[in-house]
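Q: below are the sequence and a predicted model for it; my questions follow.
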Amino acid sequence: MTKKGAGYSSVDDALGIDRGADPTTTLPPREGSRDFPGVEAAGGSGRGVSGSGATLTPVNPRYKWVALSNITLGTLMVFINQSIVLIALPAIFNGIHLDPLTPSNTGYMLWMLMGFMVVLAVLVVTLGRVGDMYGRVRMYNAGFAVFTVFSILLSVTWMFGTAGAVWLIVMRIGQGVGGAMLFSNSSAIITDAFPQDQRGLALGINNVAAIAGAFIGLVLGGVLAPVDWHLVFLVSVPVGVFGTVWAYKKLVDRGVRTPSPIDWWGNATFGVGLILVLIGLTYGLLPYHGHTMGWGSPYVLAEISVGLALLVIFAVVENHVEHPMFRMKLFRIRAFAAGNFASGLASLSRGGLMFMLIIWLQGIWLPLHGYSFNQTPLWAGIYMLPLTAGFLASGPLSGYWADRYGARPFATGGLVLVAVTFLLIETIPVDFNYWVFALLLFLNSVGMGLFIAPNQTGIMNSLPPGQRGAGAGMAATFTSSAQVLSIGIFFTLMILGLAASLPNALYSGLVAQGVSHSVALKASHLPPVGSLFAAFLGINPIQALLGPEALRHMGATQAGYITGRSFFPHLISGPFGDGLKEAFDFAAVACLLGAFASLMRGGKYHYEEASESTEPTVVEPADSVDA
């Protein structure tokens with residue numbers, strides 16, 4: 001049931017909001033009030049309101065759909081570009097004449113994969129807060145332009161070797177900045193545009209675009225990269241130009257602004273702390289001084305430890321500064337806190353899923369079913385389409401139902417369904433029947449679709465109008481950071497599973513095929529991460545492990561067999577299945593914990609605003625305020 005009147009007390013007390021003598025007042029916080037000093041309603045083309053001279057004018061009832069259409073386009077573009085390089089990496093590295101499997105080059109490959117996600121995770125809170133202060137639409141419009149500029153710079157790459165890799169990584173980071181400007185303000189703009197009884201449907205459509213974009217990017221990368229790898233980045237340019245012009249012409253700020261000084265200490269401690277943690281997680285995946293992985297590296301341990309310490313300092317700072325980047329007291333809102341914890345745990349379960357499925361398909365299943373290794377990247381994306389279909393089926397519907405019945409039943413039930421599908425996927429053989437596999441992927445994505453839209457709706461409905469940007473940014477940080485952490489955990493569990501049994505299986509299999517003991521022993525002692533990355537890139541892992549010199553000393557028939565489509569997949573199936581079970585057990589537990597957090601969110605709740613009780617209106621500025 002929607003909370004009104006005296007029902008505000010729990011949230012208002014948590015945030016220190018003083019609504020005056022009348023507890024039913026639903027006006028946005030007053031300018032200069034002690035809870036959110038300097039709050040201003042926003043209107044027009046992103047300009048603020050100076051208070052007394054503001055007038056209310058009707059808003060075109062179609063505006064909300066215009067806003068949703070533009071923001072969905074931006075969201076789709078961001079998430080297509082987040083995943084499009086996953087399948088296109090072999091073509092990109094071939095294009096710049098760099099071998100990503102050479103140990104000295106593996107870091108470049110990791111940053112091409114992770115750099116975009118790291119930037120997205122780090123900046124969304126800061127940029128969401130800046131949107132609260134200076135206008136969400138203004139930040140969103142700038143994000144479209146920034147994203148487009150860096151897409152152009154990526155598409156005109158002319159350098160080769162390490163210089164080309166560094167250029168691509170830096171431009172991808174710049175593209176990530178534009179993506180963060182878009183993503184951090186999108187949910188808040190939708191929430192501002194739609195009445196509370198339609199937000200679930202709107203956020204559901206937008207969330208479907210985000211998830212679908214991630215999988216569309218896989219197929220699009222597989223189609224474009226063989227033609228010309230530059231097209232992988234160029235494809236965003238016309239969309240970005242159109243979206244930028246459209247957003248500038250049509251979007252208006254309908255939220256409230258909270259002008260205040262920038263919280264430099266909060267931004268610094270949060271940004272540096274999260275960057276260090278995520279860098280540590282990234283480099284922890286690489287071998288270190290003879291160890292299978294880098295978690296024992298003093299550099300990795302120092303980065304993670306210092307990063308966590310800075311995040312603790314951030315929490316302390318935010319509770320003591322006058323104008324914090326993020327109000328920690330928002331976590332006293334039950335729906336907001338529970339929704340974010342559930343979202344983070346759900347992201348832990350699914351962040352590494354795509355990587356595991358790609359490796360499973362490209363490294364084992366597709367070669368066993370007649371596909372050459374260089375064909376597997378495109379077909380892996382195609383065979384994973386049931387994941388997109390499930391989101392498309394359940395995302396908008398779950399958002400619509402959440403508007404009527406609240407987020408808790410759908411978000412909680414969705415995560416329970418996802419946990420069950422993870423456990424069921426463990427039971428199928430590594431060389432599976434595709435229709436069983438496709439059905440389980442479809443159900444997995446149906447469950448996640450049931451969770452994401454209602455959960456995001458519950459989070460956004462719980463926020464005061466002047467804190468929607470920062471609140472949405474914090475929610476996005478939970479999601480993005482957990483996805484990076486999930487990749488680290490999934491890879492770690494998989495590599496530990498492989499390290500336990502792959503060396504013996506690899507040594508015995510190579511010796512049985514006539515490979516010399518010394519060559520087989522050397523190949524079997526190489527870190528398993530090399531085999532995983534080779535499979536992920538659609539490169540025959542045996543060719544990468546043995547190298548061209550060893551293959552030249554074999555007979556043509558012998559070399560052809562061990563580098564063929566069946567030798568390595570049969571060899572790795574058992575060890576891979578062991579690692580996959582560990583990873584999916586972890587994912588199922590994370591989902592069940594997320595379901596419990598979702599269950600604790602309470603009933604249906606909305607933080608009311610005056611504009612929701614009447615026809616949609618927007619405050620038009622009488623005097624502009626310099627932002």
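A: Alright, I've got the coordinates.
Q: and the nearest residue to Gly294 once chain neighbours are set aside, how many neighbours?
A: Spatial nearest neighbour of Gly294, chain neighbours left out: Tyr288 (3.9 Å); criterion: CB to CB, 6 or more residues apart in numbering. The C-beta positions use only the backbone N, C-alpha and C, and glycine is treated the same way. Residues near Tyr288, counting by other CB atoms under 10 Å, number 17.
Q: so what's Tyr288 up against?
A: Taking CB atoms under 8 Å, 6 or more residues apart in numbering as the criterion, Tyr288 is in contact with 294, 296-297, 300.
Q: try 7 Å
A: Each residue near Tyr288 by CB atoms under 7 Å, 6 or more residues apart in numbering is listed here: 294, 296-297.
Q: cool, Leu592 as well?
A: Each residue near Leu592 by CB under 7 Å, 6+ apart is listed here: Ala419.
Q: show me where the stretch 151-300 of the chain has its helices.
A: According to DSSP state H, counting those that start in this stretch, the stretch 151-300 of the chain carries its helices in the segments 161-193, 199-224, 231-234, 236-250, 264-283, 298-318.
Q: and Met109, which of those is closest to it?
A: Minimum separation from Met109 across the helices of the stretch 151-300 of the chain (CB to CB) falls at helix 161-193, 8.5 Å.
Q: pull out the buried residues from that closest one.
A: 164-165, 167-169, 171-172, 174-193 (16 or more other CB atoms under 10 Å).
Q: just stretch 306-316 next, same as before
A: So, applying 16+ other CB under 10 Å, buried residues of stretch 306-316: 307, 310-311, 313-314.
Q: next: stretch 571-580.
A: Buried residues in stretch 571-580, counted by 16+ other CB under 10 Å: 571-573, 575-580.
Q: restricted to helices, list these.
A: Secondary structure assignment (DSSP state H) places 571-573, 575-580 from those within helices.
Q: re earlier: highest neighbour count among the contacts of Tyr288?
A: The member of the contacts of Tyr288 surrounded by the most neighbours (other CB under 10 Å) is Gly294, with 20 neighbours in all.
Q: contacts only, for it.
A: With contacts taken as CB under 7 Å, 6+ apart, Gly294 has the following neighbours: 283-288, 300.
Q: what's the residue of the chain positioned farthest from its centre sitting at in phi/psi?
A: Relative to the C-alpha centroid of the chain, counting by CA atoms, centre = their mean, Gly555 is the outermost residue, at 47.1 Å. According to degrees, to the nearest 10, the main-chain angles of Gly555 amount to phi -70, psi 160.
Q: any idea of the pLDDT on it?
A: At Gly555, the model reports a pLDDT of 75.
Q: check the gap between it and Gly107 for me.
A: The gap separating Gly555 from Gly107 is 37 Å, by CB to CB, to the nearest Å.
Q: could you do Tyr248 as well?
A: Spatial separation of Tyr248 from Gly107 under the definition CB to CB is 38 Å.
Q: got it, and Tyr405?
A: Noted for Tyr405: a distance of 48 Å to Gly107, by CB to CB.
Q: list the contacts of Ile173.
A: Contacts of Ile173 by CB under 7 Å, 6+ apart are 115, 119.
Q: helix or strand: which one has the residue nearest the centre of the chain?
A: When CA atoms, centre = their mean is applied to the chain, the residue found nearest the centroid is Ser480 (4.3 Å). Using DSSP states H and E, the secondary-structure element containing Ser480 is helix 468-512.
Q: export the buried residues of stretch 306-316 as TSV, with columns for pLDDT and distance to Gly449.
A: Below are the buried residues of stretch 306-316 laid out as TSV (pLDDT from 0 to 100; distance: CB to CB, whole Å):
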residue	pLDDT	distance to Gly449
Gly307	91	33
Leu310	92	35
Leu311	90	31
Ile313	93	38
Phe314	88	33
